[in-house]
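Visitor: give me a model of this one.
(2 chains)
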There are 2 protein chains.
Amino acid sequence: MKEMEHEFLEFLKEQKAYEEALALIQWDLRTKAPKKGLEQRSEVIGMLSQKLHQLSTSDQMKYYIDSLKGQTEDEIIAKSIEVCQEDYERNSKIPEQEYKEFITVRSKSETVWQEAREKNDFSLLQPYLEQLVEFNKKFANYWGYEKNIYDALLDLYEPGMTTETLDTVFPPLRKALTDLVSKVTDATVKPDSALLKHHFPKESQEKFSLEILKRMGYDFDAGRLDETIHPFAIALNPSDVRVTTRYDENDFRMAIFGTIHEGGHALYEQNIAENLAKTPLATGTSMGIHESQSLFWENFVARNEGFWDNHYDVFKQIAPSPFQSISFNDFYGAINEVKPSFIRIEADEMTYSLHIMIRYELEKALINGDIKVKDLPHLWNEKMAEYLGITPPSDKEGILQDIHWSAGDFGYFPSYALGYMYAAQFHHAMEKDLQVDSLIQSGHFTDIKAWLARHIHQYGKMKKPLELLTEVTGEQLNAQYLINYLTDKYTKIYQL
Amino acid sequence: MKEMEHEFLEFLKEQKAYEEALALIQWDLRTKAPKKGLEQRSEVIGMLSQKLHQLSTSDQMKYYIDSLKGQTEDEIIAKSIEVCQEDYERNSKIPEQEYKEFITVRSKSETVWQEAREKNDFSLLQPYLEQLVEFNKKFANYWGYEKNIYDALLDLYEPGMTTETLDTVFPPLRKALTDLVSKVTDATVKPDSALLKHHFPKESQEKFSLEILKRMGYDFDAGRLDETIHPFAIALNPSDVRVTTRYDENDFRMAIFGTIHEGGHALYEQNIAENLAKTPLATGTSMGIHESQSLFWENFVARNEGFWDNHYDVFKQIAPSPFQSISFNDFYGAINEVKPSFIRIEADEMTYSLHIMIRYELEKALINGDIKVKDLPHLWNEKMAEYLGITPPSDKEGILQDIHWSAGDFGYFPSYALGYMYAAQFHHAMEKDLQVDSLIQSGHFTDIKAWLARHIHQYGKMKKPLELLTEVTGEQLNAQYLINYLTDKYTKIYQL
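Guide: I've put the predicted structure just below:
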């Protein structure tokens, strides 16, 4: 048994090596690679991904699963076998030919999405989306589900999450958020983010970003910060977790909050327990839990009043002269402005989850066959009007804004809203142990970082997302904490 | 046959994909990677290298070689088969266990070399070098040779080169160089490089480096410039060839000439014919020919009087104030100062090849069993005194300075001197077609770059080094061109 366990661990290392090479290639492509090299690079990606796929569905893998499952006494090996088995079954249930066709359609669809957006013409994309919906339905049926076909897809990104749960938490959240949004819209006190739109040199933004990352406890000996177009954090291994950001010289918020957000993701990966390294457990447990970590730092820490009370001096030292005359209160209000808007990725923390619910409802209905792809544009606009009180002037600002569906990803969107709810719930749990606000106000992030590492980060994939949530917070998913947090915070800011 | 050729090309693509991933990892390790990630990265390197090695010695490869050799009508496939066969035989002739032992000894030896250098204690390294010499002798015997066992090693780096040829060209070159060096040493006119040692900010050096690379015709859409400790150029594929350099703020020559040198290597790789891409032919044909390209740009172009006549204005615009008072003549003399020195990598273009001959003679004697490892330190010092007229004060400045032998590489050193001779011979050939000096003086590098691409670069490994040399220059290797070039140039500078 010992010998087989050792062999299995060596086999996992091989998988990890391919993953690490692929992660480096992705990082390079999005930060440093010269444009003419891209074509051949995508062949390299294709080849290495294929090898990885082959390993995950190999007879060798099947042999390890069959031999070690329920037999090993090593907890890490047992959990690794579980994760490998999920992958094995998921990957081997789809007929190879069908998966290849899916990859081809998806690749075309991503290109067509670009064109459809540029031309503001949904009809170009429609036939591809129709095919991708059908593929997803077929895959979901191969994988199986208990109650709702959409659950099979949800499970890809948020293991254990169900339509039933979402349909329990989303409606009260939606109600609370739409109520809050309409109060904010009617408020007489209105913070104004326009006063933040002064020229802010890239170099100064970078300096501030680096300083904040350092204060958050991000380990620069195990990572680095680079510039990119669409910011991301990426873990090559727990000792090399890189952050990227984007500098908009006319809106410093993009870089500062973006860096902190990605820094939150990076802290998760940097603080996974060392004994999980080189196994499939050495990464975040789900998209939603990952997002809870980035949102925790971005919103609960960096949009907190005490945070700026503490950092406003440093900020002013680095910021150009037009910022010097902004009062602290105006500044704090401005970075927390709430305003219904068309584009999800530009949304504030109050309206964001409403954008997600629109997508969730539509994709769930698509996969269940309750609506048709061709009806998406007007259904989208109807929901925007209902939830946010605004109607996109064109599909470019509506249904065509996100790449997810065009990339074949259905079931992914809920993770973002789950991240908000998890973050609020973790924040509440943390407050039982720590004086969170006063730690933030005094800039002592060490305890906050340690709490997150101890309760969440270290476990990697050893615990499933909902298991982790329950263990850390002592209860199931509960949207009330997010509602409370937003209500308290914005009642003050908008004097509701 | 067509189908098998297609399959073979697909197989080559797989090899190339591994090579490209490895090249990116190497680049990243030496430019960007955070230090804590290195340990796991080396496992990734090990795993990918092993895969590559397995492919090159696989039954599949054997099958392609047996089936396609002499059968295909496609010239590129035929040549690829030839290169693959050389690799196949070289790699499969060494028993696996023996190669593993070699890798282990080599890896330890590299670490011990660092320590031996720090402690200035050759005896620490001696037992490892002894083992590495024995491994090399065994390998050379597995591979076979016609006249001298050392030829089998030489062939690794410079296919077709023999001890016989080197023993024909090196002695007259040595005689000419030692004569020139003693004339220079006795000269009354003495350029002085000390006047170049002023503070020169890194940013300005980078600006100048980028400008020169651009003027050389280096394609920044297919490459980039980064900082590193030991500069190198690396080709991920012909459309992504990266240059690195090192900035010494107290000696700008390191970065400027280093960048141009690596830029010369990079131009070679960027200009390989497109139809060789994704085959083993899409790289430089040998170490020596590669070095001829870097040295061509570094010495024949960038240490040329006309080059600075043209670029001295740009240089002065970028250089800090202490440089403003240096006259053009003093500057040109200073960058061409000749002075026997201990360290090879700091040697000038006249003494450099003498450093190489010392190494060549010693390693040839070691592999032939004519001398013992333990005698290296005093033999080294004797030869230094004989060829360069100076004796290293310690082994740190002598036998311990280079990593090559400690890394198990014997037969590599001659490539550097061959690069000088090839470069001079190519330069002579180019002069028949182009007004080289006046093109350099007017800064019109396009024709020079095009000439090198047309005669040398485009062929990649389609031609063996000596075949290429003969076709381009119309004659065999001939040291006289280097002798003439150095004599003419330094007679003027030193008024000999």
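
Visitor: chain B contacts on chain A?
Guide: Counting by Cβ under 8 Å from any Cβ of the partner chain, the residues of chain A close to chain B are A:13-14, A:16-17, A:20-21, A:24-25, A:28, A:32-37, A:39-41, A:43-44, A:47-48, A:219-224, A:236-237, A:239-240, A:277-278. For the C-beta atoms, the positions are set from N, CA and C on the backbone; glycine is no exception.

Visitor: if we use 6 Å, what do you get?
Guide: Within chain A, the residues that sit near chain B (Cβ under 6 Å from any Cβ of the partner chain) are A:14, A:17, A:20-21, A:28, A:34-37, A:40, A:44, A:47, A:221-224, A:237, A:239-240.

Visitor: surely residue A:20 meets residue A:238?
Guide: No: contact criterion Cβ atoms under 6 Å: residue A:20 and residue A:238 do not qualify, at 11.0 Å.

Visitor: spatially central residue for chain A, please.
Guide: Of all residues in chain A, the one closest to the mean position by Cα atoms, centre = their mean is residue A:291, 4.2 Å from it.

Visitor: what's near enough to touch it?
Guide: A:415-416, A:419 (Cβ atoms under 6 Å, 6 or more residues apart in numbering or on different chains).

Visitor: buried subset of the residues of chain A next to chain B, written for ChimeraX?
Guide: Buried residues among the residues of chain A next to chain B (16 or more other Cβ atoms under 10 Å in any protein chain shown), as a ChimeraX selection:
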select /A:14,17,20,21,28,34,36,37,40,44,47,222,223,224,237,239,240
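
Visitor: ramachandran angles for residue A:227?
Guide: phi -100, psi 150 (degrees, to the nearest 10).

Visitor: and it, how many residues sit next to it?
Guide: By the criterion of other Cβ atoms under 10 Å in any protein chain shown, residue A:227 has 15 neighbours.

Visitor: can you list the domains in chain A?
Guide: A:2-93, A:123-496 (automatic domain parsing).

Visitor: would you mind finding the most buried of those?
Guide: domain A:123-496 (a mean of 19; mean count of other Cβ atoms under 10 Å in any protein chain shown).

Visitor: for the record, mean pLDDT for that domain?
Guide: Across domain A:123-496, the average pLDDT comes to 97.

Visitor: let me see the ranges of the helices in the stretch 151-300 of chain A.
Guide: A:163-186, A:202-216, A:253-270, A:287-295 (DSSP state H, counting those that start in this stretch).

Visitor: which SS class is residue A:66?
Guide: The assignment at residue A:66 comes out as helix when based on DSSP: H, G, I helix; E, B strand; the rest coil.

Visitor: ok, so what distance separates it from chain B?
Guide: Residue A:66 is 25 Å from chain B, where distance means Cβ to the nearest Cβ, to the nearest Å.

Visitor: ok, residue A:89 next?
Guide: For residue A:89 relative to chain B (Cβ to the nearest Cβ), the value is 26 Å.

Visitor: who are the packing partners of whichever strand or helix holds that residue?
Guide: Using DSSP states H and E, residue A:89 sits within helix A:75-93. Judged by 3 or more Cβ pairs under 6 Å, 6 or more residues apart in numbering or on different chains; DSSP states H and E, the packing partners of helix A:75-93 are helix A:59-68.

Visitor: in the stretch 1-150 of chain A, which residue sits closest to chain B?
Guide: As assessed by Cβ to the nearest Cβ, chain B sits closest to residue A:37 within the stretch 1-150 of chain A, at 2.8 Å.

Visitor: and the helix ranked longest in chain A, what does it pack against?
Guide: In chain A, ranked by residue count with DSSP state H as the criterion, the top helix is helix A:2-31. With contacts defined as 3+ Cβ pairs under 6 Å, 6+ apart, helix A:2-31 has these neighbours: helix A:38-56, strand A:233-237, helix B:38-56.

Visitor: what angle separates that helix from helix A:75-93?
Guide: Inter-element angle recorded for helix A:2-31 and helix A:75-93: 70 degrees (by axes from the mean of the first three to the mean of the last three Cα atoms, to 10 degrees).

Visitor: please work out the angle formed by the directions of helix A:2-31 and strand B:233-237.
Guide: 100 degrees.

Visitor: pick out the residue of the stretch 201-350 of chain A closest to chain B.
Guide: residue A:240 (2.8 Å).

Visitor: verify the stated contact: that residue with residue B:37.
Guide: Yes: between residue A:240 and residue B:37 a contact is recorded at 2.8 Å, counting by Cβ under 6 Å.
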